[in-house]
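Asker: Here's a sequence, model it:
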Amino acid sequence: MTRTLRTRYTSGLFTVTLPLLIFLAVWAGVYFLPILLGWPLSDWTGLLLCGAGVVLGLLVSVVTYSLLMKGAERGRGEVMLEGTVLRWRSGRRWRQLDLAGPHRADIAADSRSTGLYLEDDRGQACLINLFFHQLPRQETLGLFPAPHFVQDLVVSPYMGSWGFEASATDPEVRDFAVNLLRILWEHRQQNGRFLLYAKFPWDHTPQPAFHHVRLIEWEKRTPEEEAFIQGLESQFIDGLTDSCVRLTPDYLVGWVYRSVRSHWTGWPDFYCLMPLGDVRAEVSLPQPDWKPFIVGRVLREALATVLGGGTTTGGPYLEDKYYLYVRGRDEKGKQVEMAFDWPYARPAHQKYEEAKMVVRFVEAMRERAGSGGER
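Answerer: Numbers count the residues shown, from 1 in each chain. I've put the predicted structure just below:
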């Protein structure tokens, strides 16, 4: 049976491309105009101009976004469901995705709307976004009963996404949405993102041996502590093998390297054991990694001065870093916060999706345990 919807379509040109171009234009104007005018600029002045351009570009993008949305291309699109094959077009060209075959799908639902974000099995850029307004989370979970998989934030076109929109108050739209969700559930084992989700024991109630953040100094470890750590290492359920934070059903385990010895030998100074249900995790916003940048600049300037070469140009360059913040309480009940390097926060990273699932699992276990951890 074929089901067809003719829906409103919001182009990504207005919600993504133009705001990005406006930001880049403002940033480039602030940063490159003095250079084009031939003004003498030091490295530090160039850095300040770069930062000012970012701030001003963001402000202009935010101010102009509402104007862009008023004039956004809200054309008509067409979406068809032929058995398990989803076909769509916003212009003349038809595209399709067979949901009975390998694919990647995310679902989000809040109190009013449901959003579906579908990709091909290669995890390329989003192929299609579908938004069903007036289809609340409760109804969506009745059709796709995986509450931890269905996220609770729907990023609609008004919030910066793009795609096809329809209201489920229309019986045809509701019938289409219901059948699409049923097909996604029936073929969830073909959904690469659901398979990643299924690696984690979401119905598990954490049962740690202690309920505070515990540091074990590796040089002063007891045989019992070493055996305990080895037992945890055999229980890792995530695939972040190159991470300094790993996950078991009951703990987050972190490695802390502070001394030259630890970096040289590969053995950490401390093992940080963080019981699930009593801690919460959060990924930081990108933060400039100032230390290596400043040290590198100072060394280059000093070397140039010694060699008589004057001011140097080129790297090192300022790069952003991300951190995983884990908050809990120590043995005395005092609130503590740990920060671990978290390079997986970049969407382009190969382990980006699994890293997101790790953080979501930590938060789900905190809610499931109903602990008195920091909230």
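
Asker: Confidence-wise, which helix or strand of the protein is lowest on average?
Answerer: None of the helices or strands of the chain scores lower by mean pLDDT, DSSP states H and E than helix 290-307, at a mean of 58.

Asker: ok, then the element right after that helix?
Answerer: In the C-terminal direction, the helix or strand that comes right after helix 290-307 (DSSP states H and E) is strand 320-321.

Asker: Each with direction, which strands does the helix or strand following that following strand pair with?
Answerer: As assigned by DSSP H and E, the chain's next helix or strand after strand 320-321 is strand 323-329. With DSSP bridges as the test, strand 323-329 is paired with strand 280-283 (antiparallel), strand 335-341 (antiparallel).

Asker: now these in JSON lines, with mean pLDDT?
Answerer: Formatted as JSON lines, the strands paired with strand 323-329 follow (pLDDT from 0 to 100):
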{"stretch": "strand 280-283", "mean pLDDT": "94"}
{"stretch": "strand 335-341", "mean pLDDT": "92"}
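
Asker: Now distance to P136 and mean neighbour count too, for these, in JSON lines please.
Answerer: From N, CA and C alone the C-beta is placed, and that goes for glycine too. Shown next, in JSON lines, are those (distance: least, Cβ to Cβ, whole Å; neighbours: other Cβ atoms under 10 Å):
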{"stretch": "strand 280-283", "distance to P136": "27", "mean neighbour count": "18"}
{"stretch": "strand 335-341", "distance to P136": "36", "mean neighbour count": "15"}
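
Asker: Can you say which of those strands is nearest to D269?
Answerer: Closest of those to D269 is strand 335-341, at 13.4 Å (criterion: Cβ to Cβ).

Asker: Now do the same contact list for V336.
Answerer: Residues in contact with V336 (Cβ atoms under 8 Å, 6 or more residues apart in numbering) are 213, 327-330.

Asker: so where is the stretch 101-250 of the chain shaky, pLDDT-wise?
Answerer: Scanning the stretch 101-250 of the chain for pLDDT under 70 picks out the ranges 122-126.

Asker: on contacts alone, who are the packing partners of the top helix by length along the chain?
Answerer: Counting by DSSP state H, the longest helix found in the chain is helix 43-70. The helices and strands touching helix 43-70, judged by 3 or more Cβ pairs under 8 Å, 6 or more residues apart in numbering; DSSP states H and E, are helix 18-36.

Asker: The helix it packs on versus helix 43-70: what angle between them?
Answerer: If you take axes from the mean of the first three to the mean of the last three Cα atoms, to 10 degrees, helix 18-36 sits at 150 degrees to helix 43-70.

Asker: can you map out the helices along this protein?
Answerer: With DSSP H as the criterion, the chain has helices spanning 12, 18-36, 43-70, 137-143, 171-186, 192-197, 223-233, 260-265, 290-307, 352-369.

Asker: What are the contacting residues of the fifth one?
Answerer: Yep, that's helix 171-186 we're talking about. Contacts of helix 171-186 (Cβ under 8 Å, 6+ apart): 3, 5, 7, 79, 81, 84, 86, 99-100, 105, 107, 114, 116, 130, 132, 135, 140, 143-145, 166-168, 191.

Asker: again, 6 Å this time
Answerer: 3, 5, 84, 99, 105, 132, 135, 143-144, 166, 168 (Cβ atoms under 6 Å, 6 or more residues apart in numbering).

Asker: Can I have the buried ones of those residues as a PyMOL selection?
Answerer: Listed next is the PyMOL selection for buried residues among those, using 16 or more other Cβ atoms under 10 Å:
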select buried, resi 5+84+99+105+132+135+143+144+166+168
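
Asker: Save the contacts of helix 171-186 as TSV, and put in distance to M357 too.
Answerer: Below are the contacts of helix 171-186 laid out as TSV (distance: Cβ to Cβ, whole Å):
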residue	distance to M357
R3	32
L5	31
T84	26
L99	21
A105	14
F132	24
L135	25
L143	22
F144	17
A166	29
A168	28
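
Asker: Go through the contacts of helix 171-186 and say which is closest to L195.
Answerer: A105 (11.1 Å).

Asker: ok, now which ones touch the closest one?
Answerer: A105 sits next to 118, 184, 191 when contact means Cβ under 6 Å, 6+ apart.

Asker: Mind doing that once more with 10 Å?
Answerer: Under the criterion of Cβ atoms under 10 Å, 6 or more residues apart in numbering, the contact list for A105 reads 97, 99, 116-119, 128, 144, 149, 180, 184, 187-188, 190-194.

Asker: give me the beta-bridge partners of it?
Answerer: L118.

Asker: could we number from 131 for the rest of this?
Answerer: Got it, first residue is 131 now, which makes that one A235.

Asker: Name the nearest residue to E347, ignoring sequence neighbours.
Answerer: Take E347 and drop its neighbours on the chain: the residue closest to it by Cβ to Cβ, 6 or more residues apart in numbering is F400, 5.6 Å away.
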